[in-house]
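starting from these lines, generate the structure:
(chains A, B and C)
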Amino acid sequence: MSDLISISDLVVDFDTKRGTLHAVRGVSLNIAAGESVGIVGESGSGKTVFSRATMGLLRGKRVHRTGKIMFEGTDLRSLDHDQIRDYWGTKIAMVFQDPMTALNPVRRIGSQMSESLVKRLGMSKEEAKKRSIELLSQVRLPEPELALAKYPHQLSGGMRQRVMIAMSIACNPKLLFADEPTTALDVTVQAQVLELLADLRKDMGMSMVIVTHDLGVVAGYTDRIAVMYGGEIVELATTTDLFANVKMPYTEALMNAIPRIDRKRGSSLSAIEGMPPDPTTTHTGCAFAARCPYAQQKCRDEHPELVDVGNGHLYRCFFPIGGK
Amino acid sequence: MGLKGKPLGYKLSALWFILCALMATVLRLLPLPAWDYNDAEALGVGMFSKGHILGTDYNGVDQLSAIIHGTRISMAVAIISVLFAMLIGGALGILAAYARGFIDAVITMYFNVTLSIPTLILVLAMVAIFASPDPFNPGYTIPRILVLIIAITFVAIPILGRLVRATAMSWAGREFILVAESIGVKRRQILWQHILPNVLPAMLSISFLSAGVVMVVEGGLSILGAGATPGSSWGSLLARNRSDIALTPHTTFIPVVVISLTVMALNYFGDYMRTKIDSRESRI
Amino acid sequence: MAGTGKAHLRDSPTPILRVEDLVIEYKTKGQLPVQAVSGVSLEVHSGETLAIIGESGCGKSTLGKGILQLIETQSGSVVFDGVDITKLSKEDLRQTRPNIQMIFQDSISSLDPHMTVSSIVEQPLKVWNRGNDEERKNKVNDLLRSVGLDPEVVGDRKPSEFSGGQCQRISIARALTLSPKVLICDEPVSSLDVSIQAQILNILQEMKNRYGLSLVFISHDLAVVRAISTRIVVMYLGKICEIADPDTLCETPRHHYTHALVSSVPVPDPTIKNRRAVLQGEPPSPTNPPSGCRFRTRCPAATELCATEEPQLREASAGNFVACHHPRS
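Model (predicted):
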């Protein structure tokens, strides 16, 4: 399977008043066509910066980005802003956490959807309207014709998210980035939206990257999972392999800290003590060493590199769970 | 709170304020011609002339001296009116924001009614009525400056009050206020201990910006003839000299520059405080 | 679903807190007031952790604030220690404050940005004039230590220097200063990272054991609630659907909404598939709730009866109450 997008050694730094913020410290990731990858991490792990940087959404004097981002043979870094914009919405689409900020509050849904269809696909207004209704039905929005006339604030969170998804798939993108797509939604609506995304992916053969903090979400909807901590990928494996043979202590600790609906009451939650590392500091050694129950001196002195177990399961640890 | 490490604008504005303070106090003692002395030998001379570094006007009045003299009144009007307007308006605004309900309705209605009267007409009317000689007691007139200050204060109260009310409302809706109530803190104490300290920085910022506005307003009123006695403030100096702009352009130019610099410095400080508040807010 | 329905209330042992038929409305501009809570009754027993769960718009947060009378309630009663606090004067109500405390979801916003951490935790003691300076200082330091913070390090700093998790710890310390009997927690961990969530939940559990607290835990996260509560109340659109102990509720939910809720929660285990009985549609707006059972518009088992008659809470099995005409078996 050829890789749709191949990210090599992405480093993203920000200049801030408090010094340089090392948000992403060298991440490499390949995503194949039609694959669904989950990026899991907590706040400060760099996952959001990583997805935004890959999309080319980070601009400005204070942002420094190095590394290669090859999409279908083109290095996205070499494109200027106008060229990148051609990619957005057509080849690569993004769905954000809060659709209220992504939709223009003073324009009706229909007009926002038609605009991108007319501009990008050169449709006429009537064609765009018809296509908008088709897309809204595809995302299972009830009464799509009526929805076109509404403003974003007249729709609920779940419906707005569907509109966002409809707009993002309008041009049949090859890759969809979903940044915490369901975090702001109720759990019953979350289930609907995730199922929708999975079905759309199957129908359209899209690749998808889901960025989230929720291991439960990625468990059911991804082929592979990358766990990020302190600006790096600390474990990368197929979904089944990650849960069955977890190697990195952080991943294990994360799994143990999550309360589960299928576990009886009284099973205690083992917390991870301490706090995530400060991205403005450069640390020697493993970023997780300070909080790791298995940490040894080597972990504090040397920085572990990614090790391949053999079947594509990568981890970044000197003393992985279950031995090397 | 020194000058080190602050941006250039901050330093310049601070220097200008120091200069104004000096002009209002010490610099009057400089060996310059009196502010109302007509030097017959130097009528309408330009800047950098002998004996008159900023020139004189059509009547030979030394402009530097006039500016120094005018500092007191100009600053007094701006500072005192804003001070009282903020004390009264700010208090009402905070009260309205926290008490809500009936009290808020009454205070807001007062604000709205006062604001609906055209401010200029109101000030002109007050000056005309109260600063004119009393026909039944001709010996006494309320000092013009006092009337001016009171009129401007009266008009500014609802403007500042509404701004403070808006800020206070955003604080009153925050969770820690609810927490204070749940602990059992009395409402009056909540107002003093929790709302006021948090609204204060915004009040300071608004005050600086308002002082700039008042200064310009004072100039406008002087041109309309409702300001301070001609020549006793920057605005009235400008009003007096502007008709001579063809003959002695520097006499119009100088008060304008002085007023502008002061307003810029006030605006800068007001903005600077606001950005500090915003950056603190955004971290939270 | 029952708004009227008190089959689940017991008289002995006397509950520490009993809410009966509580109705809470909020005004909307130019329209009729909307009921956020429509006649809810529940009770909290000493030493238990009662969870109130529901999705957005169900009224759970409003209920929490209403129990404390931090917002106005239209009718119904809240009886604490034999006294109906809804009927008290402002000053008498204030006197009851030390007994029931609350912590909120937004931990950073719950702290006055102008106060130092020590003064925040000390404030309740000062308000109620407890102890002298020395005693207060010691108590504050003890409390900060018990929530895992070093008073020397954090005491003189301001809230803006701390993370969400640390602010929540400070809030917990502050809430326990007056040794309340009941602690209401309104989504206390919802905005925290997963690894921090577990820390805070553990602290709450520890404090509960140490101080003999009763907890009311309001949340939308059923997985969290299952792990820490002794009884769960499920709310939908201002009314109670079901009450049960956590294991029963999650393994054999009787109400169709509870079933949908339980099935929707994602499980971090790829081998478990097909748990998701997806509920269609969105919750209706509280301004115009459906007649009869409010859940009937989305319920797979709805009949005509559900539209005409509002179901009451009935005991389905020991300790398990459902408000449904056709509960699952």
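
longest single helix anywhere in chain A?
helix A:187-204 (DSSP state H).

strand partners (parallel or antiparallel) of the helix or strand following that one?
Remark: after helix A:187-204, the chain's next helix or strand is strand A:207-212, criterion DSSP states H and E. Its sheet considered, strand A:207-212 pairs with strand A:36-40 (parallel), strand A:175-179 (parallel) by DSSP bridges.

below-threshold pLDDT in the stretch 151-300 of chain A: ranges please.
Under the criterion pLDDT under 70, the flagged ranges of the stretch 151-300 of chain A are A:266-268.

all helices of it, in order?
A:157-169, A:187-204, A:215-221, A:239-244, A:249-257, A:297-301 (DSSP state H, counting those that start in this stretch).

before we move on, what about chain B?
Taking DSSP H, the helices of chain B run over residues B:8-24, B:63-99, B:101-116, B:119-130, B:144-172, B:175-183, B:187-190, B:196-223, B:234-241, B:249-283.

most tightly surrounded among those?
Most buried of the helices of chain B by mean neighbour count (mean count of other Cβ atoms under 10 Å in any protein chain shown) is helix B:234-241; its value is a mean of 27. For glycine as for every other residue, the C-beta is placed from the backbone atoms N, C-alpha and C.

so how far is chain B from the residue lying closest to A:L29 once chain neighbours are set aside?
Leaving aside its sequence neighbours, A:L29 sits nearest to A:I7 (Cβ to Cβ, 6 or more residues apart in numbering or on different chains; 4.8 Å). Using Cβ to the nearest Cβ, to the nearest Å, A:I7 is found at 31 Å from chain B.

okay, the helices of the stretch 151-300 of chain A in JSON lines with distance to chain C next?
Below are those laid out as JSON lines (distance: least, Cβ to the nearest Cβ, whole Å):
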{"stretch": "helix A:157-169", "distance to chain C": "6"}
{"stretch": "helix A:187-204", "distance to chain C": "4"}
{"stretch": "helix A:215-221", "distance to chain C": "3"}
{"stretch": "helix A:239-244", "distance to chain C": "5"}
{"stretch": "helix A:249-257", "distance to chain C": "4"}
{"stretch": "helix A:297-301", "distance to chain C": "18"}
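
to chain B, which of the ones you listed lies closest?
Taking Cβ to the nearest Cβ, helix A:157-169 is the member of those nearest to chain B, at 21.7 Å.

need the contact partners of that closest one.
If you take Cβ atoms under 8 Å, 6 or more residues apart in numbering or on different chains as the criterion, helix A:157-169 is touched by A:89, A:93-96, A:99-100, A:102-103, A:109, A:112-113, A:116, A:132, A:135-136, A:138-141, A:147, A:152, A:155, A:176, A:181-182, A:184-186, A:189, A:192-193, A:196-197, A:200, A:204, A:206, C:56, C:282.

in the stretch 151-300 of chain C, where is pLDDT below threshold?
C:273-278.

helices of that one, start to end?
For the stretch 151-300 of chain C, helices defined by DSSP H, counting those that start in this stretch occupy the ranges C:151-154, C:164-176, C:194-211, C:222-228, C:246-251, C:256-264.

show the average pLDDT along stretch B:80-98.
Mean per-residue pLDDT for stretch B:80-98: 95.

how about residues contacting that stretch?
With Cβ under 8 Å, 6+ apart as the test, stretch B:80-98 has contacts from B:103-104, B:107-108, B:110-111, B:149, B:152-153, B:156-169, B:171-172, B:187, B:190-191, B:195-196, B:199, B:203, B:206-207, B:210-211, B:214.

please redo it, this time with the cut-off set to 7 Å
The contact list for stretch B:80-98, computed with Cβ atoms under 7 Å, 6 or more residues apart in numbering or on different chains, reads B:103-104, B:107-108, B:149, B:152-153, B:156-158, B:160-162, B:164-165, B:168-169, B:172, B:191, B:195-196, B:199, B:203, B:207, B:210-211, B:214.

what's the answer for stretch A:246-260, then?
A:215, A:227, A:229, A:234-235, A:242, A:269-272, A:288, A:292-294, A:315-317, A:320-322, C:194-195, C:198, C:223-224, C:226-227, C:267-268.

just the buried ones from these, in PyMOL syntax?
Selection of the buried residues among these in PyMOL, burial being defined by 16 or more other Cβ atoms under 10 Å in any protein chain shown:
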select buried, (chain A and resi 215+227+229+234+235+242+269+271+272+288+292+315+316+317+320) or (chain C and resi 194+195+198+223+224+226+227+267+268)
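
and the helix or strand containing A:I31, what does it pack against?
Secondary structure assigned from DSSP H and E places A:I31 in strand A:19-32. Counting contacts by 3 or more Cβ pairs under 7 Å, 6 or more residues apart in numbering or on different chains; DSSP states H and E, strand A:19-32 is packed against strand A:3-16, helix A:47-55, strand A:207-212, strand A:232-238.

turn those into TSV, including distance to A:K247.
Shown next, in TSV, are these (distance: least, Cβ to Cβ, whole Å):
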stretch	distance to A:K247
strand A:3-16	22
helix A:47-55	19
strand A:207-212	21
strand A:232-238	6
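
didn't the residue nearest to A:L29 look like it was pressed against A:I31?
No - counting by Cβ atoms under 7 Å, A:I7 stays clear of A:I31, with 8.2 Å between them.

got a list of what B:V217 touches?
Each residue near B:V217 by Cβ under 7 Å, 6+ apart is listed here: B:I152.

again but with C:I184, I slipped
Contacts of C:I184 (Cβ under 7 Å, 6+ apart): C:G64, C:I67, C:L68, C:I100, C:M102, C:V216.

ok, now which ones touch the third one?
Applying Cβ under 7 Å, 6+ apart, we find C:L68 in contact with B:S182, C:I100, C:M102, C:I184.

so what's it scoring on pLDDT?
On the pLDDT scale, C:L68 is placed at 93.

likewise the first one?
As summarised for this prediction, C:G64 has a pLDDT of 94.

rewinding a little: among the contacts of helix A:157-169, which ones are in strands?
A:A93, A:M94, A:V95, A:L176 (DSSP state E).

out of these, the closest to A:G67 would be?
Among these, A:M94 lies closest to A:G67 (Cβ to Cβ), at 19.3 Å.

how close does that closest one sit to A:K298?
Computed as Cβ to Cβ, to the nearest Å, the A:M94 to A:K298 distance reads 40 Å.

between those two, which one's more packed in?
Shown here are A:M94 and A:K298; by other Cβ atoms under 10 Å in any protein chain shown, A:M94 has more neighbours (23 against 13).

contacts only, for the closest residue to the more buried one other than its chain neighbours.
Nearest residue to A:M94 in three dimensions, chain neighbours excluded: A:F177, at 4.4 Å (Cβ to Cβ, 6+ apart). A:F177 makes contacts with A:S51, A:M55, A:I92, A:M94, A:V209, as judged by Cβ under 7 Å, 6+ apart.

residues in contact with the fourth one?
Each residue near A:M94 by Cβ under 7 Å, 6+ apart is listed here: A:M55, A:S168, A:F177, A:D179.

so which of the helices of the stretch 151-300 of chain A is the most surrounded?
Among these, the stretch with the highest mean neighbour count (mean count of other Cβ under 10 Å) is helix A:157-169, at a mean of 24.

export it to CSV, keeping only CA atoms.
Written as CSV, here are the backbone C-alpha positions of helix A:157-169 (Å, rounded to 0.1, in the frame of the first residue of the first chain):
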residue,chain,number,x,y,z
GLY,A,157,-23.8,20.8,18.6
GLY,A,158,-24.3,17.5,16.9
MET,A,159,-26.0,18.9,13.9
ARG,A,160,-23.3,21.6,13.5
GLN,A,161,-20.7,18.9,13.6
ARG,A,162,-22.5,17.1,10.8
VAL,A,163,-22.6,20.2,8.7
MET,A,164,-18.9,20.6,9.3
ILE,A,165,-18.4,17.0,8.1
ALA,A,166,-20.6,17.6,5.1
MET,A,167,-18.6,20.6,4.1
SER,A,168,-15.3,18.8,4.5
ILE,A,169,-16.3,15.8,2.4
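
relative to helix A:187-204, how tilted is that helix?
Computed by axes from the mean of the first three to the mean of the last three Cα atoms, to 10 degrees, the angle separating helix A:157-169 from helix A:187-204 equals 20 degrees.

relative to chain C, how far out is B:A246?
57 Å.
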